[in-house]
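[1] Task: produce atomic coordinates for the following.
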Amino acid sequence: MRKAWRRSRPGEAPTRDSPDAPPGTSDGTATGISLAEAASDVTAKALRALARGDATAVNRLIAELTAPPSRVSGDAWRLATGRCLAAQMRLGVTRAWERGWQPADVVRFTSRRHTARHARLATDAIAAEMRAYSGATVDDRWREQLALLGAEAWWEDDDEHPGAWCEREGVDHAAYVAAALELVHLLEYLPRLPRMGPPPGTSSAADAPGRPTPSASAASREVGQRTLGRVRALLAKAESTEFPEEAEALSARAQELMARHSIDHALLAAETGDTGGPAGRRIPVDNPYDAPKAVLLTVVAEANRCRAVWHRELGFATVLGFPADLAAVEMLFTSLLVQATAAMVHAGPRRDARGRSRTRSFRHAFLNAYAARIGERLREAANRAAAGAGGKDLLPVLAARDRAVDHAVDTMFPNLAKGRAGSVSNYEGWVAGRAAADLATLNGRLEVTGAFHRS
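    This next block holds a predicted model:
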């Protein structure tokens, strides 16, 4: 049984170990301010110091939150500060949901801006916050993200979480206080994102921008765990084998499975009058070399009748499209990125005639060329598929889907600006990248039917 936050009942005298006991006394009778209020005051000052970048003040206030005031029990002060920080973190998570963020977005961005330890604390804060919602009001896609993150309350008692977390992480209480403050500060200044579905606490059937209709949700489920499992297994083997012929055969089978499923779904939806619309998901685009990686994701998305919008400062892209196509984009992009990275690392470092490192420019050019060549191959595959996977009957269906996806992008991102690809200064890297792309297996599916679409 987890204990709720405990506060003194009306008429009950605060005890020495109660967070309602004022600092400066052991019996809570002298100063007229509770420990909870004192902890909240110091926490607010620390957050303001973080906001203005005053490291000296932050360190001093962390010390105040860690060490109890005079004549106050250390356990009582730690309990008060722990409850205050926990409440602030949960409030930050709630506001993140209101701003369009999802669990995976929050944890990924926390890790990007701070450390993996901060990300684990964010996961705990999410787990604590999610206990406030009825399971019936949590969208299935949120459930999947929470499961992948392992966002579960692993601690026995909320009041004991700070100590249990410190023990798990192998750090002292000051490190917990510092991480919690930095997490609260990060959550407080998250930008607003387009909503990709209903936040927890609302009906699963609630209408929200970017959320597929019930029929589209059914279509997404049509992809089927069995098919996805077979595709993932084929991709894993294709990426790990040392024999190109075997990788090609495995990838071809994976392509066939996904292509058949996507085309069948598009035709069936047209025949049955399925009104399901586009959905969306966010896919990480990490450093280093995030720009050419974003280009790769863009060409993969466009070839699969989806659109990708890159949020560079946030470290991910929003991809919009029909559910089966989104699954293909994510698997194909991930597989191609694995292959590109392996080929790039295998090429080794580079130096110029004077011995200066040229590795970074080489790899930047390598990945840009890889993405460009992959785009050409995907366009060729798309044209071939259009000619043999439904003929004239298929073209209007796919054209209608293109229009629906474009409309979803315009609705969600009305002020979208198109950027230009960066320049490439390393010819050797460009040539090597195109060669690697020619050897890459187009894992995931036979890249969509229909002409390659440039948005």
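[2] going forward, measure contacts between C-alpha atoms and count neighbours the same way
    Noted.
[3] name the helices or strands packed onto the helix or strand where residue 38 lies?
    Residue 38 belongs to helix 35-51 when assigned by DSSP states H and E. Helix 35-51 sits against helix 55-66, helix 74-98, helix 173-188, with contacts defined as 3 or more C-alpha pairs under 8 Å, 6 or more residues apart in numbering; DSSP states H and E.
[4] nearest to residue 380, of these?
    With C-alpha to C-alpha as the criterion, residue 380 lies closest to helix 74-98 of the helices and strands packed on helix 35-51, at 40.9 Å.
[5] mean confidence for the closest one?
    Mean per-residue pLDDT for helix 74-98: 96.
[6] In it, which residues are buried?
    76-98 (16 or more other C-alpha atoms under 10 Å).
[7] And the strands in the protein?
    Along the chain, counting by DSSP state E, strands occupy 279-284, 307-311, 316-321.
[8] quick one: residue 78 and residue 47, what's the gap?
    Counting by C-alpha to C-alpha, to the nearest Å, the gap from residue 78 to residue 47 is 18 Å.
[9] Give me the neighbour count for the nearest residue to residue 109 once chain neighbours are set aside.
    Counting by C-alpha to C-alpha, 6 or more residues apart in numbering, residue 314 is the residue found nearest to residue 109 once chain neighbours are left out, at 6.4 Å. Neighbour count for residue 314, taken as other C-alpha atoms under 10 Å: 19.
[10] Pretty sure residue 314 sits against residue 111.
    No - the criterion here is C-alpha atoms under 8 Å, and residue 314 misses it with residue 111 at 10.9 Å.
[11] Now stretch 122-129: buried residues?
    Buried, per 16+ other C-alpha under 10 Å, within stretch 122-129: 122-129.
[12] Columns pLDDT and distance to residue 278 on top of the residues you listed, output as JSON lines?
    Shown next, in JSON lines, are those (pLDDT from 0 to 100; distance: C-alpha to C-alpha, whole Å):
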{"residue": "122", "pLDDT": "98", "distance to residue 278": "30"}
{"residue": "123", "pLDDT": "98", "distance to residue 278": "29"}
{"residue": "124", "pLDDT": "98", "distance to residue 278": "32"}
{"residue": "125", "pLDDT": "98", "distance to residue 278": "31"}
{"residue": "126", "pLDDT": "98", "distance to residue 278": "28"}
{"residue": "127", "pLDDT": "97", "distance to residue 278": "29"}
{"residue": "128", "pLDDT": "96", "distance to residue 278": "32"}
{"residue": "129", "pLDDT": "95", "distance to residue 278": "29"}
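[13] Can you tell me which of those residues is nearest residue 238?
    Closest approach to residue 238 among those (C-alpha to C-alpha): residue 123, at 32.6 Å.
[14] Excluding chain neighbours, give the residue nearest to that closest one in space.
    Leaving aside its chain neighbours, residue 123 sits nearest to residue 151 (5.5 Å; criterion: C-alpha to C-alpha, 6+ apart).
[15] could you measure residue 339 against residue 328, distance?
    Relative to residue 328, and taking C-alpha to C-alpha, residue 339 is found at 16 Å.
[16] Neighbour count for the two, which is higher?
    Set residue 339 next to residue 328 and count neighbours by other C-alpha under 10 Å: residue 328 wins out with 27 against 19.
[17] just to revisit the earlier point, and the helices and strands packed on helix 35-51: which comes nearest residue 412?
    Taking C-alpha to C-alpha, helix 74-98 is the member of the helices and strands packed on helix 35-51 nearest to residue 412, at 15.9 Å.
[18] Which neighbouring elements make contact with that closest one?
    Partner elements for helix 74-98 (3+ C-alpha pairs under 8 Å, 6+ apart): helix 35-51, helix 55-66, helix 116-130, helix 173-188.
[19] same thing but at 6 Å, please
    helix 173-188 (3 or more C-alpha pairs under 6 Å, 6 or more residues apart in numbering; DSSP states H and E).
[20] If we go by neighbour counts, what in the helix it packs on is buried?
    Using 16+ other C-alpha under 10 Å as the test for burial, helix 173-188 gives 173-174, 176-188.
[21] quick one, it and helix 55-66 angle?
    120 degrees (axes from the mean of the first three to the mean of the last three C-alpha atoms, to 10 degrees).
[22] pull the CA atoms of helix 173-188 into PDB?
    Extracted in PDB, the C-alpha atoms of helix 173-188 (Å, rounded to 0.1, in the frame of the first residue of the first chain):
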ATOM      1  CA  HIS A 173      20.700  13.400  -1.500                       C
ATOM      2  CA  ALA A 174      22.200  16.600  -2.900                       C
ATOM      3  CA  ALA A 175      22.400  15.000  -6.300                       C
ATOM      4  CA  TYR A 176      18.700  14.100  -6.200                       C
ATOM      5  CA  VAL A 177      17.800  17.600  -5.200                       C
ATOM      6  CA  ALA A 178      19.900  19.100  -8.100                       C
ATOM      7  CA  ALA A 179      18.500  16.600 -10.600                       C
ATOM      8  CA  ALA A 180      14.900  17.300  -9.500                       C
ATOM      9  CA  LEU A 181      15.300  21.100  -9.700                       C
ATOM     10  CA  GLU A 182      16.900  20.800 -13.200                       C
ATOM     11  CA  LEU A 183      14.100  18.600 -14.300                       C
ATOM     12  CA  VAL A 184      11.400  20.900 -13.000                       C
ATOM     13  CA  HIS A 185      13.100  23.900 -14.700                       C
ATOM     14  CA  LEU A 186      13.300  21.900 -18.000                       C
ATOM     15  CA  LEU A 187       9.600  21.000 -17.800                       C
ATOM     16  CA  GLU A 188       8.500  24.500 -17.000                       C
END
